[in-house]
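J.: please work out how this folds:
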Amino acid sequence: MRIYFALAALLLLCANTSTSAQWRVTPAPAPACSDLHLVPAPRECVAVEAFRIGSVGLDSGYEKGAEDEVAALKDLEESLATRGMSIHVNDANSIMFLNAKTGQGKELLEKDHLTFDPAMHDEGYAIVPAGAGGLAIIAETSAGFFYGAQTVKQLIRGSGKDAVLLVPTIRDWPAMPHRGVSDDWSRGPLPNMEFLRREIRTLAAYKLNTFSPYFEHTFAYASTPVAAFPGGSITPDEARQLVEYAAQYHITVIPEQEAFGHLHNVLKFEQYSGIGEAPHGAVLAPADPGTLPQIKQWFGELAEVFPGPYAHIGADETSELGLGRSRDAVTSRGLGAVYLDFLTQIHTALEPDHKQLLFWGDIAVNSPELVSTLPKDMIAVPWQYDAEPDFTGLILPFKNAGLETWVAPGVNNWNRLYPNNNEALGNIRAFVRDGQKLGSTGMLNTVWNDDGEGIFDENWFGVLFGAAAGWQSGESSEDAFKASFGQAFHGDATGKIDQAQQAIMAAHALLKSVDLEDARNDYFWVDPFSDPGQKVAAKIRPVVSQLRLDAERAITLLAEARAAAKAANQPLENPEALDALELGARRIDFVGLKFQAADDCVNLYNQARALSATGDKAKRSEVADLLYTIGSNNGRIEDIRDGYTLLRELYREAWLRDNRVYWLQADLDRYDQSAQLWIARGDKWDTQVIQHWYDTHTLPPPDEAGLPAVPAPLTPATPQKPPKSGHWWKMG
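T.: As a prediction, the model looks like this:
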């Protein structure tokens, strides 16, 4: 029976919600398809029209049932509400959800000489003009309607009386069936449920359909309760909520539980140490009789709460294999044979769960002649995170063995003050391109938190480029994405957010140019007066000023973008990511400030000692000025102290937006420890250098004053006058 579902709707500002008002749709300047800045970019786009909208209707005549339209409509309605717009019933100027096979949907496709190809069936959609200022989303499945609605979200620009609906003619469908993110939940950050819901909604908005949380010890297994720290694990009930919520957004949740290596946080406990390759190590012993039952127990518990067709067994970086209990087996049979045989045993043990198993491809690729021994229904996930020109060598051994492959690039966030998107974009672009070329069916973009300091909201630039690369066919353009991100993700029409991202990318490139790789956390924490810090200082010195200018340019551009949005009464979207970008920029700027201030301390002290050595009483005031510039209420030592204390609070706020309190203190302790180091140095400077000068009119050698003995190259530094009050010692 034909089912008609009529939901006509107006998009109105909340302040203008009268359904009796007569709205007139008038043409507006129309951009070209290349200027739409959609992420992902649609496969085919022509003939954009633009309409100023006082109203946009939502109407439907979908024949299979209303539930598919309701889901897409609800998501669209919720998105508009966040932009200060609401939906009202009206019969004109509609956005329609239409079936591609029948009725008006079929007629509109024929009218525009469009076909709905078989490749479009599962997730594809078309968008065509419909009426004066309306459009139709045409699809065959609920996923197709949903993804069409996601594109419509990006086609509505602005809000209120200035809102514009862009109406292109589009045919669109994904290049890869599985497009997802692997999110590390085992090394520091553990997301709270509020953030997880926001994360799922955001992934879906850019047409990702797979989410894979990574577990080592942070799922609350009934079988291994000791390993899951209170407050630091995902419970089965929370996992069920996540799965149910994700399903509304057409996202399949694939749990990854490490089942071979990366298990130190389990094996360090005495009751589990016996199944390890080495005592309290990180790798399971394949031959131990307790190993497979434990793996089976874990995945059995996961299967109860993650009903999807896939499970990920990890099995990467098993570096201890063959160094302990498996030494003899590896010596006689070879590392590859022992490794691949154990993967096969895991496959057999987990057959009752009826899951298709994914595994990381880094170890198996080293034994290409043995890969064919693996069960053919396993999915190899080769990974590599550098921006290499070619990745075919990582994929071919599995393709040649008849295995399905998904490729796993990365967002390059780990151990960095902000993700290195130079490396991330190059890595994602080429890896996904080669995966598509060799028939890979999936893309699993990775987020890792090796240092325990990760803020997920810093990662959206790389995550969205992965979404674009997995949906778009062939090699995705980095330049097109960099020009589109700010509009597509933040609704920024000024281009300033794109420029801010590129300023941070320039900072990373600058550090690479002096053999410092990129903006790494190590440079944030290292003491510039230590031997390791002095080595960094020698490299960073030539570029430190430009590094700070790049970071500060990013901060300034963000402020300008926010001000422009406020003036236009059009708040920027995803503000949490903007706060995270500013945090990253400020931490990079602080790295530069710290090394500059440390050099100033050395140079100023050298000047002070040279003046004091003259014995000229007339120079004593000048010496005091130099000493106060190094350490006092506004000295260089205090500048470094202030950097750690102020950034600590920004970091804490960013962490709590995304994560549970678990692990936070471990990171805050580093801020506190670093601040205390410079507080102590300031106190020592007051009592053992400045006071010593007033008492004796002599200065100790640099090492006794807490400074490096080797002078730094001279950089401009302006001495400050001694304070008129506030110090307890006597002036003399």
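
J.: would you point out which residue is most central in the protein?
T.: Closest to where the C-alpha atoms of the chain average out (Cα atoms, centre = their mean) is Asn459, at 1.8 Å.

J.: OK, contacts around it?
T.: By Cβ atoms under 8 Å, 6 or more residues apart in numbering, the residues touching Asn459 are Val411, Asn413, Pro419, Val447. For the C-beta atoms, the positions are set from N, CA and C on the backbone; glycine is no exception.

J.: I'd say Gly144 and Phe116 touch.
T.: No: using Cβ atoms under 8 Å as the test, Gly144 is too far from Phe116 to be in contact (9.3 Å).

J.: what do the two both touch?
T.: Common neighbours of Gly144 and Phe116 (Cβ under 8 Å, 6+ apart) are Gly124.

J.: which one of the two is surrounded by more residues?
T.: Gly144 (28 against 22; other Cβ atoms under 10 Å).

J.: would that one count as being in a helix?
T.: Yes: counting by DSSP: H, G, I helix; E, B strand; the rest coil, Gly144 is located in a helix.

J.: how far away is it from Glu453?
T.: Computed as Cβ to Cβ, to the nearest Å, the Gly144 to Glu453 distance reads 40 Å.

J.: equivalent analysis for Pro375, please.
T.: Look at Pro375 and Glu453: by Cβ to Cβ, they are 38 Å apart.

J.: can you check Leu547 too?
T.: From Leu547 over to Glu453 the distance is 20 Å, taken as Cβ to Cβ.

J.: go on, Ser372?
T.: Counting by Cβ to Cβ, the gap from Ser372 to Glu453 is 41 Å.

J.: show me which of the two is the more surrounded one.
T.: Using other Cβ under 10 Å as the criterion, Ser372 and Glu453 rank with Glu453 on top: 23 against 14.

J.: in space, what's closest to that one - neighbours in sequence excluded?
T.: Asp667 (5.4 Å; Cβ to Cβ, 6 or more residues apart in numbering).

J.: can you tell me the SS state at the one you found?
T.: Applying three-state DSSP: Asp667 is helix.

J.: any idea how many residues pack against it?
T.: The number of residues packed near Asp667 is 19, by other Cβ under 10 Å.

J.: equivalent analysis for Ser513, please.
T.: Neighbours of Ser513 using other Cβ under 10 Å come to 12.

J.: what ranges do the strands span in the stretch 351-500 of the chain?
T.: 356-360, 379-381, 404-407, 442-447 (DSSP state E, counting those that start in this stretch).

J.: including mean pLDDT, distance to Gln691 and mean neighbour count, could those strands go into TSV?
T.: Shown next, in TSV, are the strands of the stretch 351-500 of the chain (pLDDT from 0 to 100; distance: least, Cβ to Cβ, whole Å; neighbours: other Cβ atoms under 10 Å):
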stretch	mean pLDDT	distance to Gln691	mean neighbour count
strand 356-360	98	60	23
strand 379-381	98	63	25
strand 404-407	98	63	26
strand 442-447	98	51	26
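
J.: now distance to Phe299 too, for those, in JSON lines please.
T.: Below are the strands of the stretch 351-500 of the chain laid out as JSON lines (distance: least, Cβ to Cβ, whole Å):
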{"stretch": "strand 356-360", "distance to Phe299": "9"}
{"stretch": "strand 379-381", "distance to Phe299": "15"}
{"stretch": "strand 404-407", "distance to Phe299": "19"}
{"stretch": "strand 442-447", "distance to Phe299": "18"}
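
J.: for Ser674, find the nearest of those.
T.: Of all these, strand 442-447 sits nearest to Ser674, with 25.7 Å by Cβ to Cβ.

J.: who are the packing partners of the closest one?
T.: Here strand 442-447 touches strand 178-184, strand 210-215, strand 379-381, strand 404-407, helix 421-437, helix 460-471, going by 3 or more Cβ pairs under 8 Å, 6 or more residues apart in numbering; DSSP states H and E.

J.: residues contacting the last one, please?
T.: Residues external to helix 460-471 that are found in contact with it (Cβ under 8 Å, 6+ apart): 39-41, 174-176, 179-181, 202-203, 206-208, 409-413, 419, 421, 424-425, 428-429, 432-433, 442-443, 445, 447, 476, 478, 481, 485, 488-489, 501, 574, 577.
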